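Student: turn this into a structure:
(chains A and B)
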2 protein chains.
Amino acid sequence: MRAIGLAVSTVIFALRPHPATQRPALSIPLVRRTREPYAGRWALPGGWVDPDESLAASAGRTLVETTGVRPSYLEQLYTFGAPDRSPTGRVVSVVYWALVRPEQIGERTDAAFDSVNVRWFVADDIPHLAFDHDRIVEYSLWRLRTKVEYTAIAQGLLGETFTLSELRQVHEAVLDRELDPANFRRQAEASGAVVPTGERLTGGRHRPPRLYRFDTSAALADNGPLGADDPFPPSGEEQ
Amino acid sequence: MRAIGLAVSTVIFALRPHPATQRPALSIPLVRRTREPYAGRWALPGGWVDPDESLAASAGRTLVETTGVRPSYLEQLYTFGAPDRSPTGRVVSVVYWALVRPEQIGERTDAAFDSVNVRWFVADDIPHLAFDHDRIVEYSLWRLRTKVEYTAIAQGLLGETFTLSELRQVHEAVLDRELDPANFRRQAEASGAVVPTGERLTGGRHRPPRLYRFDTSAALADNGPLGADDPFPPSGEEQ
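Tutor: Here you go, the predicted structure:
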């Protein structure tokens, strides 16, 4: 056994109103470091892996401590282990990424976020982070953007039912560019991934838009024989 | 810092003649354990990460120690860290997978393989392995099979130039099923990933088959901003 510290960090994604435009924007919560190294700098939420804790459970604990919510999706991203990535000793970080649905970010979370040391940032406006976390965020954005194009991963950022406009807004927020509404509607309907619920959005409009849900046979993402990561496993049942 | 052991294991893939049919078969080298736990059982090559060594360099060292060759491709697969995966203490294993080209497995390697404790196994006929290595091999096969369908990863198992029959044999060996030669040829030519070299296979045949190479603009696989893993990095230049 070698003296290498083992940590977990998690990139948490949710859609939150952009502070300037109020449109849904891909957002990430960060934690301000209160001690050296990098005291005062923002960093990804994380911490040491407990000896009796699985890696995904460690990421799940991190999530709860930071956002107070259970994620709708959790996946291992990559393990970062350059010998010089921490100035105070060798630390290898197993990094996860998580999606949180809007209804999971309630008042409870806003209360937790009164702390000046935890704050949501818009993904394309992240400050220069501690350690190699800039690189980790960049890679996690690439993975999310790649996955949103060929999987049902958007499910992890939406409520159970949604209009096609809302689904398009998720794709636009993730990809950070506008999509043609008619094209998007046609492709979404042709994909078979989303199905109409038969209901319409309630409200005062003359012809309110249809509500959709994801086809229940569509997994958020296909990780093959490993399946999905469970951040809250029954004790001792984890890879 | 916690007392968690950090190890690296590598799943190494190459095409080798199947012992029964002599056709190219996807093969994996395994190491017989000479000490407890699991003494006498086969396991993936690997070892402890040195404190001054990057994770990919540790995987590269493992590769050289086991097969004596430099891999044509190396990628981090997944980090396995269940609390009970080793009976003698907590061990977290960062697992890589590697591709080795046939010309890289020469006499030198065969000599190294005189040892009764290192042996190539056909991928679909692997014995029950030590630790959770059965699961790791299963997942690595899934990743390789998924990638061969939508990337130029087969490049990592082939020589620099090849006939379309040889390329099809790689796909057949990886996917473990026969492919229709005419369909495969049409799809390969239409993909733009392979280009004719203008040469033909030398030999006594009346009309020897054309030789192809991969389009040099085609990366083996797209890992976005992380790029490819370098198992032999200049000191201190690694993630």
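
Student: let me know the secondary structure of A:Pro127.
Tutor: Taking DSSP: H, G, I helix; E, B strand; the rest coil as the rule, one finds A:Pro127 in the coil state.

Student: any figure for the gap between the residue nearest to it when sequence neighbours are not counted and B:Pro83?
Tutor: In space, and not counting its chain neighbours, A:Pro127 is closest to A:Trp42: 5.3 Å by CB to CB, 6 or more residues apart in numbering or on different chains. Heads up, the C-betas are built off the backbone N, CA and C, glycines and all. Spatial separation of A:Trp42 from B:Pro83 under the definition CB to CB, to the nearest Å is 31 Å.

Student: from the chain's centroid, how far away is the host helix or strand of A:Ser165?
Tutor: With secondary structure defined by DSSP states H and E, A:Ser165 is part of helix A:164-175. On the basis of CA atoms, centre = their mean, to the nearest Å, the separation between the geometric centre of helix A:164-175 and that of its chain is 15 Å.

Student: so what secondary structure elements neighbour that helix?
Tutor: strand A:5-17, strand A:24-32, helix A:133-150, helix A:181-191, strand A:210-214 (3 or more CB pairs under 8 Å, 6 or more residues apart in numbering or on different chains; DSSP states H and E).

Student: show me which residues of chain A sit near chain B.
Tutor: Counting by CB under 8 Å from any CB of the partner chain, chain A comes close to chain B at A:1-6, A:48-55, A:76, A:78-85, A:89-90, A:92, A:94, A:132, A:135, A:138-139, A:142-143, A:146, A:224-226, A:236, A:238-239.

Student: tell me which entries of the residues you listed lie within helices.
Tutor: Among the residues of chain A next to chain B, the ones falling in helices (DSSP state H) are A:55, A:135, A:138-139, A:142-143, A:146.

Student: can you pull the contacts of A:Ala188?
Tutor: Shown in contact with A:Ala188 (CB atoms under 8 Å, 6 or more residues apart in numbering or on different chains): A:164, A:167-168, A:194, A:212.

Student: repeat that for A:Ser140.
Tutor: Contact criterion CB under 8 Å, 6+ apart gives A:11, A:13, A:77, A:95, A:97 as the residues in contact with A:Ser140.

Student: who wins on neighbours among those?
Tutor: Neighbours here mean other CB atoms under 10 Å in any protein chain shown. Within the contacts of A:Ser140, the largest count is held by A:Trp97, at 27 neighbours.

Student: hey, which helix or strand in chain A has the poorest pLDDT?
Tutor: Taking mean pLDDT, DSSP states H and E as the measure, helix A:107-112 is the helix or strand of chain A with the lowest mean score, a mean of 51.

Student: how does chain A divide up, domain by domain?
Tutor: A:5-149, A:153-214 (automatic domain parsing).

Student: which of these is buried the deepest?
Tutor: Highest mean neighbour count of those: domain A:5-149, a mean of 18 (counted as mean count of other CB atoms under 10 Å in any protein chain shown).

Student: quick one: end-to-end distance for it.
Tutor: Between the opening and closing residues of domain A:5-149 lies a distance of 36 Å (CA to CA, to the nearest Å).

Student: which intervals of chain A have sub-threshold pLDDT?
Tutor: Residue ranges of chain A with pLDDT under 70: A:1-2, A:106-115, A:204-205, A:218-222, A:228, A:233-239.

Student: again, only this time at 50
Tutor: Applying pLDDT under 50 to chain A flags residues A:1-2, A:107-108, A:111, A:236-239.

Student: contacts only, for the residue lying closest to A:Val69 once chain neighbours are set aside.
Tutor: The spatially closest residue to A:Val69, leaving aside those adjacent along the chain, is A:Gln104, at 4.2 Å (CB to CB, 6+ apart). Listed by CB under 8 Å, 6+ apart, the contact set of A:Gln104 reads A:14, A:69-72.

Student: I'd like to know how far A:Gln104 sits from chain B.
Tutor: 26 Å (CB to the nearest CB, to the nearest Å).

Student: and A:Thr161, by the same measure?
Tutor: Counting by CB to the nearest CB - A:Thr161 and chain B are separated by 31 Å.

Student: contacting residues around that residue?
Tutor: With contact taken as CB under 8 Å, 6+ apart, A:Thr161 is in contact with A:197, A:199, A:211-213.

Student: re earlier: what is the nearest of the contacts of A:Ala188 to A:Ala59?
Tutor: The closest of those to A:Ala59 turns out to be A:Leu167 (CB to CB; 26.9 Å).

Student: list the contacts of A:Val31.
Tutor: Under the criterion of CB under 8 Å, 6+ apart, the neighbours of A:Val31 are A:42-45, A:66, A:117-118.

Student: tell me the one of the contacts of A:Thr161 nearest B:Pro231?
Tutor: Of all those, B:Pro231 sits closest to A:Arg213, with 45.5 Å by CB to CB.

Student: ok so, going back, among the contacts of A:Ser140, which two are most distant?
Tutor: Once CB to CB is applied, the contacts of A:Ser140 give A:Phe13 and A:Val95 as the farthest pair, at 13.1 Å.

Student: was I right to think A:Glu53 contacts A:Ala59?
Tutor: No. Checked against CB atoms under 8 Å, the pair A:Glu53 and A:Ala59 is beyond contact range at 9.8 Å.

Student: want to throw the contacts of A:Gln104 into CSV with secondary structure?
Tutor: Converted to CSV, these look like this (three-state DSSP):
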residue, secondary structure
A:Ala14, strand
A:Val69, coil
A:Arg70, coil
A:Pro71, coil
A:Ser72, coil
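
Student: centroid-wise, who is the farthest residue in chain A?
Tutor: Centroid-distance maximum for chain A: A:His206 at 35.6 Å, with CA atoms, centre = their mean.

Student: on the three-state scheme, that one is what?
Tutor: The three-state label given to A:His206 by three-state DSSP is coil.
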